[in-house]
Each structure stands twice: as structure tokens, then as C-alpha cells.
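Trainee: Provided below are the primary sequence and the corresponding predicted coordinates.
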Amino acid sequence: MSTRPRTPAPATPAPGKLPLPELIEMKRRGEKIVMLTAYDAPAALLADEAGVELILVGDSAAQVMLGHDSTVPVTLDEMIFLTRAVTRSARRPLVIGDMPFGTYEISDEQAVASAIRLVKEGGADLVKLEGAGRMVSRVRAIAESNIGVMAHVGLTPQSATKLGGFRAQGRTAGAALKLHEDALALQDAGAFAIVLEAVPSPVATRITESVEIPTIGIGAGAGCDGQVLVWHDLLGMYHGHTPRFVKRYAEIADEIGTALGEYVAEVRSGAFPDEQHTYAIPDEELAAFETVLSEREE
């Protein structure tokens, strides 16, 4: 069975967009690929300016944007809405629309229809789905529909309950071999890249060496071809538990909390707004205004 990668791309990519085949060239040159989640236009603009190659509009939005306890409840309509916001600001990065739970499991036809909606209505350049096994057929069907599809194995949050919770995968020889086989099968089906989540670093490195398409790690070590982190995780935009694989590059939640506290205090004290935050009216116009009001009140 052939395991050579295929990289289906949109027929007419937007001017300035990173060409999809460039990702494989980056892998061959040993250049790391940077992927970042984003869920709105301002975040996409900042990610673009930072120089990332890929922006994932992840179904993690269910938790970090919509207040759910897991990724499962987010709908395709919601993902299309968020993807459309991101694509308005992302000029160079390729935007990947995440396919939410329930939008591709039933059949290849359902998967293709959902992918088409993310591309046509959401403006996504590419799509992503989780799993292998039966999902290999879904990847093949989407790729053959001329839509680039990113695969995702290891810890797959949409099926975390089945996996025994949010825990590392591939920690036995048998499980590691299964991940390796899955990666090859997904490559052969036409995936342009594979996310490896919560996979032991040596296993992820070996998979990366075995496939010709890029691997994007999240909790899978430095041996992957690229890395992805969730926007809210890396910026420290919440308090509470942080996954082991997350590095916080800022503590924005603390900054936001301080700013909001100062705002509340200044409004209540009357310190805000002051003169520099208000608009003036010429004295003669104010006088005319007051004259008219006085006449009306008589």
C-alpha cells in the first residue's frame, strides 16, 4: 500500500496565502511549522502578524469561548461563524476549520458535506477531523473532494471519555504501534498533516520520521515538524488547571483583572471619564441649546 502524501489544495488560493505544498517543503528542510488556534478576527490578525503558518479554528472554542465543559456541544453552525471571523483577518496563514463532533462520524457523505460548508460558508482553506479507523475513509472522501484535510490522533478530545479521560496515548508498545499504523493510513488516505496530541515524545518522533507529511505536536515533544497551542492557554487568559504540555507566554488574565478592577473603581469614584475622555461643544452653540430648552420649559 502506498504511503506517499497527497496535498489537495483549493483550486484558487487567495493571493498571499501560504501554498499548501510548502508545508511538506518545510518538513524536508527541517523548518518548524507554527500553528496556533484563533477564534475571532483580532486574534487572527495578531497571529498573522506574528508569522504563523497555520491558524486552527479549533472546536476547543466550545470551552474557551462558549463556556461548555467539553468540545462535544459545539455545532457546525457555530464553527462556521467563528471560522468566518478568523478568515476575515488571516491573510497569509492557512486557516483550518475544525469539524465538530457529530458532523462526520455517520458517513463519508456527511463528512464531505460538513467540510464543504466549512470551506464555502466559513471561508476555511482546510479542515481537520479526529481519529483513525473508520475516519480514514472520511479523510479519503474529503481529500478526493479537493479539500485539504488535517488528521488528528493520540488524545482526541471528542472521544476522551472512550479513551479513559484526558490522558496521554501510545504509552505501551501495542498502543504506540497502533498510532504509527494510523498515521501511515491517514497519510495514504490523503491527509496533508497530522496532529499528534499527548503522545510520548519518542513515539511522536518515530512517527514523524516515518511519514512524509508534517506532524504537528501538542504535548508530543520537540521531534514533531511543528507545534500548536491554544490561544487562551499560551496567553494565560484563564485561571485554574493548565495541561502539562502548555507553556504560558503571558498572564493576560491577571492583566485583564487588574484593568477591570481599576475601571470599576474609577467609574464608581467619578474619576472616569474625565475631561480628556469627553467631547466639547462651542460656547455659543451651548448657549443656543440652553436658550431653546429654557423657552420650551416655560
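Mentor: Cool, got the structure. Computed from a predicted model, the values in this text were never measured in an experiment. Numbers count the residues shown, from 1 in each chain.
Trainee: OK, contacts around residue 198?
Mentor: Neighbouring residues of residue 198 by CB atoms under 8 Å, 6 or more residues apart in numbering: 154-155, 166-169, 218-220, 245. (Each C-beta comes from the backbone N, C-alpha and C, glycine too.)
Trainee: same thing with residue 275?
Mentor: Counted by CB under 8 Å, 6+ apart, residue 275 has zero contacts.
Trainee: separation between it and residue 151?
Mentor: Separation of residue 275 from residue 151 (CB to CB, to the nearest Å): 58 Å.
Trainee: Run through this protein and note the low-pLDDT ranges.
Mentor: By pLDDT under 70, the weakly predicted segments of the chain are 1-15, 159-166.
Trainee: re the thing from before, what is the nearest of the contacts of residue 198 to residue 175?
Mentor: residue 169 (6.4 Å; CB to CB).
Trainee: just checking, the closest one is part of a strand?
Mentor: No - applying DSSP: H, G, I helix; E, B strand; the rest coil, one finds residue 169 to be coil, outside a strand.
Trainee: For the closest residue to it other than its chain neighbours, what are phi and psi?
Mentor: Computed as CB to CB, 6 or more residues apart in numbering, the closest residue to residue 169 that is not its neighbour in sequence is residue 154, at 4.6 Å. For residue 154, the backbone dihedrals are phi 100, psi -130 (criterion: degrees, to the nearest 10).
Trainee: For residue 103, see how far away residue 154 is.
Mentor: Counting by CB to CB, the gap from residue 154 to residue 103 is 21 Å.
Trainee: Please say which of those two ends up with more neighbours.
Mentor: A count of neighbours by other CB atoms under 10 Å puts residue 154 above the other of residue 154 and residue 103, at 27 against 22.
Trainee: surely the more buried one meets residue 201?
Mentor: No - counting by CB atoms under 8 Å, residue 154 stays clear of residue 201, with 11.8 Å between them.
Trainee: Now list whatever residues contact both of those two.
Mentor: Common contacts of residue 154 and residue 201 (CB under 8 Å, 6+ apart): residue 220.
Trainee: follow-up on the earlier one: just the buried ones from the contacts of residue 198, in ChimeraX syntax?
Mentor: Those of those that count as buried under 16 or more other CB atoms under 10 Å are selected in ChimeraX with:
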select :154,155,168,169,218,219,220,245
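Trainee: between the contacts of residue 198, which is closest to residue 62?
Mentor: Scanning these for proximity to residue 62, where the rule is CB to CB, the winner is residue 166, at 14.3 Å.
Trainee: Please name the nearest non-neighbouring residue to residue 214.
Mentor: Using CB to CB, 6+ apart, the closest residue to residue 214 is residue 225 (4.0 Å).
Trainee: which residues does the one you found contact?
Mentor: Residues in contact with residue 225 (CB under 8 Å, 6+ apart) are 26-27, 32-33, 193, 208, 214-216.
Trainee: are any of these buried, and which?
Mentor: 26-27, 33, 193, 208, 214-216.
Trainee: Name the nearest of these relative to residue 69.
Mentor: Of the buried ones among the contacts of residue 225, the one sitting nearest to residue 69 (CB to CB) turns out to be residue 216, at 25.3 Å.
Trainee: distance of that closest one from residue 257?
Mentor: Noted for residue 216: a distance of 32 Å to residue 257, by CB to CB.
Trainee: cool, and residue 21?
Mentor: Relative to residue 257, and taking CB to CB, residue 21 is found at 45 Å.
Trainee: what do you get for residue 17?
Mentor: The spacing between residue 17 and residue 257, counted by CB to CB, is 38 Å.
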